[in-house]
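Chemist: Everything below, folded, please.
(2 chains)
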Amino acid sequence: MKTQKQQLTAWGRFPVVESERVLFSHYDELADGVSSSSELIAFGNGRSYGDSALSSVVAPMLCSNRFLGFDEASGVLTCEAGVLLSDIIKVFLPRGWFLKVTPGTKLITVGGAIACDIHGKNHHVEGCFSECVESFRMMLADGSVVECSRSENRELFLATCGGMGLTGIILQATLALKPVKSQNIRQTTIKTRNLKDTFEAFEAYSGQPYSVAWIDCLAKGKSLGRSILMVGDFADDGDINYVEKRSLSVPLDFPTFALNTLSVKAFNMLYYGKAKMGESQQTVGVDSFFYPLDALNNWNRIYGKAGFTQYQFILPKSVSYEGLSEILSAIAASGRGSFLAVLKLYGPANENYLSFPLEGYSLALDFKIEKGLFPLLDRLDSIVVRHGGRIYLTKDVRVSRETFEAGYPELGKFMSVRQSVDPKRKFASLQSKRLGL
Amino acid sequence: MSKMVLILGASSDIAKAVARELAGQGFGLILAGRDMQELEKDGADFALRYSVPVTCCFLDITDFESHQDFWMALNVKPYGCVCAIGYMGVEEEIQKSQSEARRVIDTNLTGCMSVLDMMASHLELQGEGFIIGISSVAGDRGRASNYHYGAAKAGFTAYLSGLRNRFSLLGNNVKILTVKPGFVDTRMTRGMNLPAKLTAQPEQVARDVMRGLQKNKGVLYSLWVWRYIMLIIVHIPEFVFRKTKL
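Modeler: All right, here's what the predicted structure looks like:
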């Protein structure tokens, strides 16, 4: 097996580990790599935030990136797991097709999208990425390759979607795209004064397929939970002349003091202040609506060399208002702020054993890694657990085993599938070892 | 009706990168190689990404008897050809095995010449088109670490030079481009400890190739710095060179 040593990290740039990459051109070379390694995990484009794709040995899947077939009539695409969502958009949006489910960055692999069962602004209507997956082919710990779908190897399918790569390596997938008549989105922006307003706005606009709110997590008192809610849907102007925009790059690591309470407070004030009071309409392109951050390459460097983590949790709808108020107060009191704080109302959970969404509100916040952060997050964890919520593994780098287990009631089913396809726990990451998976 | 380009050694990393550039410019592709299953997957990808016609054909370059049939079976004769076939082998093993030595020479030189001769005759009739031959800096001077490969590539470079001379004298629109990559990050060099600053990615080589083709260059080094590295190496006096470990 040919390997190459390198320093490996994911989007949060914490932690950085030394890892060996398995070099392969054919699947039998990959199977060789799998059998020669005592532990390994698949690695896509490194856009998970924490340690879910970090291990002493990784199988880098980006090179496995071919389109294998497309049905023009039904929009069903078969491709290798290393294809980026951005590739799919670049090739198929000009032909009138878009992803049914897309997260806030298009720079992730299809394999990663399945393994994390990612979701987007339209979760309350379309569910998670796995909803559009008809089937996939994966390699197991013994090197064998199997097909999975809702009718074939069903339990393995339910375990692998959201299974964080711990059941095997996804090699290729068949997914359904959706027809669209435009590359433009008609967007409505609603500015709210507090959390109650924000919740009411989410309910009022739940008919719109896409909705997400940016929330000012440093606002206190009467303004706790003030937000800018953005809702929208595809236009039907027939303009599908999509050309990918060039992006800028952050050329260096910002010094660690750049992002602090004052600078984040200032940013939040300006961002919130800039939006018009009440409601306003705009027409924006897919890149601006879905992927505003992709316009800035390496934006993670703004957090400095020490890196950052994203804390994302979800609470059941009935307790969301009270749970979020408590959490937002705790964050505002700590002074640790994130200018990227995203609030979203989700639809019901699916059947996948470790899929994150459930019917309720999720909040995602970026925090610079620094002293005192992890104790704060532990305190927030206890509020989340007390309200029957859970943490999103794709963003996580530090959640405890207890908090994790409390949040995922189907864990037992996941573990029995894992035990049957990977009894020696060959597929393992730093995260899986931390969580006892 | 798209102009087709024949890609010899289509499974190679450099071939795939050049094929992508050509498909991006609207050329159809004829992928020739031995691993039909992989070629078909590559072909499906090129066709979907670039909306160009793609066909796959089996070709074992060391099976000389099959070359004529291979050429005759091409329904559409290609407008251009990229020859990216290469086999380096392991020098210590080649020294002990006559069959390995023949394999290196046939794969890199005589096999390619056989098919390219057919392409050249067709180009003479067509009056325009191109051949892009991926040679190597290893052909500029033979060194102990890979001189069988170097000898074959040296021959290949001379062959392409002669072809270029032939077509220039004929005064038609046929371009013959010799590409001499230095270190490239591909399957061929996998596991070797190559200096990062001197090592090109296949995509870079492909971009250089397209630029070279457009400007009708004769010999192209990729990365460009290798032209100057080899200029020095080629001029080291023999009594010094014979003692070096390059």
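
Chemist: When you work out contacts or count neighbours from here on, use the C-alpha atoms and nothing else.
Modeler: Will do.

Chemist: Mind pulling up the pLDDT for the most centrally placed residue in chain A?
Modeler: For chain A, the residue sitting closest to the mean C-alpha position, by CA atoms, centre = their mean, is residue A:118 at 5.1 Å. pLDDT recorded at residue A:118 is 97.

Chemist: Also the one 5 residues further on?
Modeler: Confidence per residue is given as pLDDT, and for residue A:123 that number is 96.

Chemist: Next, give phi and psi for it.
Modeler: The phi/psi pair for residue A:123 (degrees, to the nearest 10) reads phi -60, psi -40.

Chemist: Name all residues that make contact with it.
Modeler: A:101, A:346-347 (CA atoms under 8 Å, 6 or more residues apart in numbering or on different chains).

Chemist: And those residues, which is closest to chain B?
Modeler: Nearest to chain B among the contacts of residue A:123: residue A:101, at 21.2 Å, using CA to the nearest CA.

Chemist: from memory that closest one sits against residue A:117, does it?
Modeler: No: between residue A:101 and residue A:117 there is no contact under CA atoms under 8 Å: 10.1 Å.

Chemist: Give me the common contacts of the two.
Modeler: Shared contacts of residue A:101 and residue A:117, defined by CA under 8 Å, 6+ apart, are found at A:128-129.

Chemist: Would you mind listing the buried residues in stretch A:228-236?
Modeler: Within stretch A:228-236, the residues scored as buried using 16 or more other CA atoms under 10 Å in any protein chain shown are A:228-235.

Chemist: Out of these, which sit inside strands?
Modeler: Judged by DSSP state E, these include A:228-234 as members of strands.

Chemist: if we take these, which one ends up nearest to chain B?
Modeler: residue A:234 (24.0 Å).

Chemist: What are the neighbouring residues in contact with the closest one?
Modeler: Residue A:234 neighbours (CA under 8 Å, 6+ apart): A:180-186.

Chemist: okay, these in JSON lines with pLDDT, secondary structure and neighbour count next?
Modeler: Converted to JSON lines, those look like this (pLDDT from 0 to 100; DSSP: H, G, I helix; E, B strand; the rest coil; neighbours: other CA atoms under 10 Å in any protein chain shown):
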{"residue": "A:180", "pLDDT": "96", "secondary structure": "coil", "neighbour count": "20"}
{"residue": "A:181", "pLDDT": "95", "secondary structure": "coil", "neighbour count": "18"}
{"residue": "A:182", "pLDDT": "95", "secondary structure": "coil", "neighbour count": "22"}
{"residue": "A:183", "pLDDT": "94", "secondary structure": "coil", "neighbour count": "24"}
{"residue": "A:184", "pLDDT": "95", "secondary structure": "strand", "neighbour count": "23"}
{"residue": "A:185", "pLDDT": "95", "secondary structure": "strand", "neighbour count": "23"}
{"residue": "A:186", "pLDDT": "95", "secondary structure": "strand", "neighbour count": "16"}
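
Chemist: Take these and lay them out in TSV including distance to chain B.
Modeler: TSV is the format used below for those (distance: CA to the nearest CA, whole Å):
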residue	distance to chain B
A:180	19
A:181	20
A:182	20
A:183	19
A:184	22
A:185	25
A:186	29
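
Chemist: Please produce a markdown table containing those, extended by distance to residue B:65.
Modeler: A markdown table is the format used below for these (distance: CA to CA, whole Å):
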| residue | distance to residue B:65 |
| --- | --- |
| A:180 | 53 |
| A:181 | 54 |
| A:182 | 55 |
| A:183 | 54 |
| A:184 | 58 |
| A:185 | 60 |
| A:186 | 64 |
